[in-house]
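Enquirer: Got a sequence here, can you model it:
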Amino acid sequence: MKIHADSPKTDETALPVVHLRRPRWGDPETPGELPAAAAALVGADGSEQRGNERRGVDPDDVVLDDPAIPGAARSALVDALGEVNVTADHRQRIDHTRGYSTPDILALRGGDAGDAPDLVVTPGSHHDILRLLEICAVHRVAVVPYTGGTSVVGGLAPDRAGFAGVISVDLTRLDGLVEIDEISRTATLQAGLRGVRAEELLRAKGYTLGHFPQSYAGAGIGGYAATRSAGQSSAGYGRFDEIVEGLTLATPRGTIEVGTAPKSAAGPDLRQLVLGSEGAFGIITEVTVRVRPAPAHRVFEGWRFDDFESGAAALRALAQDGPMPTVLRLSDETETAINLADPDGAGAADAAADAGAGATAQGGCLVVVGYEGHREETESRRATAARVLESTGGVGLGTGPGEAWRTGRFRAPYLRDPLLDAGVLVETLETVTYWSRLADLKAAVTAALTDTLTGAGTPPLVMCHISHVYPAGASLYFTVVCPQAEDPIAQWSAAKVAANDAIRATGASITHHHAVGRDHRDAYHAEIGELALESLRAVKETLDPAGVCNPGILL
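Expert: Residues are numbered from 1 along each chain as shown. Model prediction:
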């Protein structure tokens, strides 16, 4: 499937919900199309044949073990939820197996569904979830919360040792907009509500959540909260954990409700304990968030900088001294060149045809800046920011590159399938650090990935961008592309370990918005230290004494 950019006036937030059908993103009957920029990595000859081979086992042909759930536990779940909401259907189990990291997808393509849940259950209320947690605690059945299933860090693959089985708790039926408080400008959303549907319901009332991660078409509200998601408009709207005013958590021992008021001095902020907990303490069932009026005016534009260092300095100036745009993003030299060399494949669409983008194609780094809000206020911020960008070495490219990025930014998940089909390994990782350490971090991670993935004399493409900025620091997001080795899962595992080591060696955080899951667990434990880890384990012991809530994830 070749996905063309919409016209600049199209509201790209009005996307259809992607119903994920593993091991491909979206509709499995709609094939992806190999981006031209990847051809050099695999060669033109035989790539189609290799692609047919690398598509792997048909999911319907993957052999699953019989459900391991004890009969008494299954009967109790059926009694509590109704038989129609408790299933061991083969396809349902496959579609709830792991997440969407490249190793997850490669494993399933290879016929490995060893992490498939034994049952998929669909509760219809907070009370249903309390009841199923109680049942699972009694029978020692592990419980995995599921909203959109887009985890890329192993967050849906719990440890099974010592448990009688695993169930996936699909929150699809908890999909309502509970309340809008227009005076306070808050909205209460059920955790199973998908991001696209939440935005649709809010826009009908004249509001927006403003939260658009790249997984937007597939992810859900509960997942946003459980993983501290950061949308691509975080510069203007804030990270998800920053806009949460309150939430409700179902645990095996009962209900926790937090968020009595916007701010409080009544002890530690327990919202922040639940946010990012990844299902280890219980299941988030409801979230109250700040909303804003839907923007009446917006404009996205591109700027060229000679190098990544000068572009980062410009972003830092805006983050520290303002004005802060809604979107602020810097691609390094490699990512800039690849995007413009292959606009259809890399998500820049019509940018190469734009006169300004032509200037960027001469070299340097591309900055995308976006502004949303009332026209007068937006244009004022834009003019002031332009003076800052010019004073730090930026050259304005007009709206072409910015609008192309805006309308093509949700295309990337569709591109991985044809790349994997053609024998290309593609994966991402991210981190965050202080401005003073940013250059060292970028160099260290790039070197670790390049050294580990250079095989048969062919170095990988290692691309990097900044997409989230703060007064004190910024995130770095790496995309890696290289030929697949004989065992691509082991190939990426070695690279990921090397990258994690480089991140920790420079003092950066192991994750900015992908969460901890299973993949970052050891590095996260090293990052926070043993005493802090003991404290979190004590919380889990209190709320989940049987340890059935997503065991092995986070803790």
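
Enquirer: Tell me where the stretch 201-350 of the chain is predicted with low confidence.
Expert: 340-350 (pLDDT under 70).

Enquirer: before we move on, what about the chain?
Expert: For the chain, the stretches flagged by pLDDT under 70 are 1-12, 27-53, 340-362, 456.

Enquirer: which residue lies farthest from the center of it?
Expert: Distance from the C-alpha centroid of the chain, by C-alpha atoms, centre = their mean, peaks at residue 72 (36.9 Å).

Enquirer: my read: that one touches residue 141, true?
Expert: No: with contacts counted by C-beta atoms under 8 Å, residue 72 stays clear of residue 141, the gap being 10.5 Å. In this view, the C-beta of every residue, glycine as well, is placed from N, C-alpha and C.

Enquirer: nearest residue to residue 290 other than its sequence neighbours?
Expert: residue 243 (4.5 Å; C-beta to C-beta, 6 or more residues apart in numbering).

Enquirer: tally of neighbours for residue 524?
Expert: 20 (other C-beta atoms under 10 Å).

Enquirer: oh, I was asking about residue 123
Expert: Neighbour count for residue 123, taken as other C-beta under 10 Å: 28.

Enquirer: got the phi/psi numbers for it?
Expert: phi -70, psi 160 (degrees, to the nearest 10).

Enquirer: gap between it and residue 190?
Expert: As judged by C-beta to C-beta, to the nearest Å, residue 123 and residue 190 stand 11 Å apart.

Enquirer: Also residue 237?
Expert: On the measure of C-beta to C-beta, residue 237 and residue 190 end up 21 Å apart.

Enquirer: quick one on the thing from earlier: what do residue 123 and residue 190 both touch?
Expert: 171, 174 (C-beta atoms under 8 Å, 6 or more residues apart in numbering).

Enquirer: What segments of the stretch 201-350 of the chain are helices?
Expert: Counting by DSSP state H, counting those that start in this stretch, the stretch 201-350 of the chain has helices at residues 221-227, 234-237, 240-243, 270-274, 308-321, 333-341, 343-346.

Enquirer: of all those helices, which gets the most neighbours per residue?
Expert: helix 221-227 (a mean of 30; mean count of other C-beta atoms under 10 Å).

Enquirer: next one: it to chain centre, how far?
Expert: Offset of helix 221-227 from its chain centre (C-alpha atoms, centre = their mean, to the nearest Å): 10 Å.

Enquirer: Just list what that helix packs against, helices and strands only.
Expert: Contact here means 3 or more C-beta pairs under 8 Å, 6 or more residues apart in numbering; DSSP states H and E; on that basis helix 221-227 packs against helix 195-204, helix 240-243, strand 283-290.

Enquirer: Mind listing residues that contact the second one?
Expert: By that I understand helix 240-243. Residues from elsewhere that reach helix 240-243, judged by C-beta under 8 Å, 6+ apart: 209-211, 224-225, 228-231, 237, 272, 275-276, 289-290.

Enquirer: just the buried members of the residues you listed?
Expert: 209-211, 224-225, 228-231, 237, 275-276, 289-290 (16 or more other C-beta atoms under 10 Å).

Enquirer: roughly how far apart are residue 331 and residue 299?
Expert: Taken as C-beta to C-beta, the span from residue 331 to residue 299 is 19 Å.

Enquirer: which one of these two has more residues nearby?
Expert: residue 331 (30 against 19).

Enquirer: mind listing what that one touches?
Expert: Here residue 331 is in contact with 339, 365-368, 463-465 (C-beta under 8 Å, 6+ apart).
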